[in-house]
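In: I'd like to go over a predicted model; first the sequence, then the structure.
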Amino acid sequence: MATTSHTLQGVIKGRTIELTEDSGLPDGQQVSVVLLTQAGVGMDGIIESAGACADEADDLDQFLEWSRQQRKSGRAPIEP
């Protein structure tokens, strides 16, 4: 059985996925669906994109500061 794939965008509405463009497939065509969510806008999107670090903001801030300091050490100063 041959398969083909292409990516379409859509919006979930209950148990229905409303596509933003025509699929070109006939009604009744069987398909397989893989869901990939897109990060939202605003704080929800930031929290979603933070993944495992979302609940450990203080630890993440400390790690990022440490990382910045490590990159600076041993680097020659920039001269104008």
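Out: Structure received.
In: Going by C-alpha atoms from here, please, whenever you check contacts or count neighbours.
Out: Fine.
In: avg pLDDT for the top helix by length along the chain?
Out: The longest helix of the chain (DSSP state H) is helix 57-72. Throughout helix 57-72, pLDDT has a mean value of 83.
In: What is the least confident helix or strand in the protein?
Out: helix 43-50 (a mean of 64; mean pLDDT, DSSP states H and E).
In: For the longest helix of the chain, list the C-alpha coordinates in CSV.
Out: Only the C-alpha atoms of helix 57-72 are listed here, as CSV (Å, rounded to 0.1, in the frame of the first residue of the first chain):
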residue,chain,number,x,y,z
ALA,A,57,12.5,29.8,36.7
ASP,A,58,14.9,30.8,39.5
ASP,A,59,17.2,27.9,38.8
LEU,A,60,17.0,28.7,35.1
ASP,A,61,18.0,32.3,35.7
GLN,A,62,21.0,31.2,37.8
PHE,A,63,22.1,28.8,35.1
LEU,A,64,21.8,31.4,32.4
GLU,A,65,23.8,34.0,34.4
TRP,A,66,26.5,31.4,35.1
SER,A,67,26.6,30.5,31.4
ARG,A,68,27.0,34.2,30.5
GLN,A,69,29.9,34.5,32.9
GLN,A,70,31.6,31.4,31.6
ARG,A,71,31.5,32.8,28.0
LYS,A,72,33.0,36.1,29.2
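In: ok now that helix, how far from the chain's centre?
Out: Remark: helix 57-72 is offset 23 Å from the chain centroid, using C-alpha atoms, centre = their mean, to the nearest Å.
In: in that helix, what counts as buried?
Out: Buried positions in helix 57-72, judged by neighbour count with 16 or more other C-alpha atoms under 10 Å: none.
In: got a pLDDT number for Gly42?
Out: If you check Gly42, the pLDDT there is 59.
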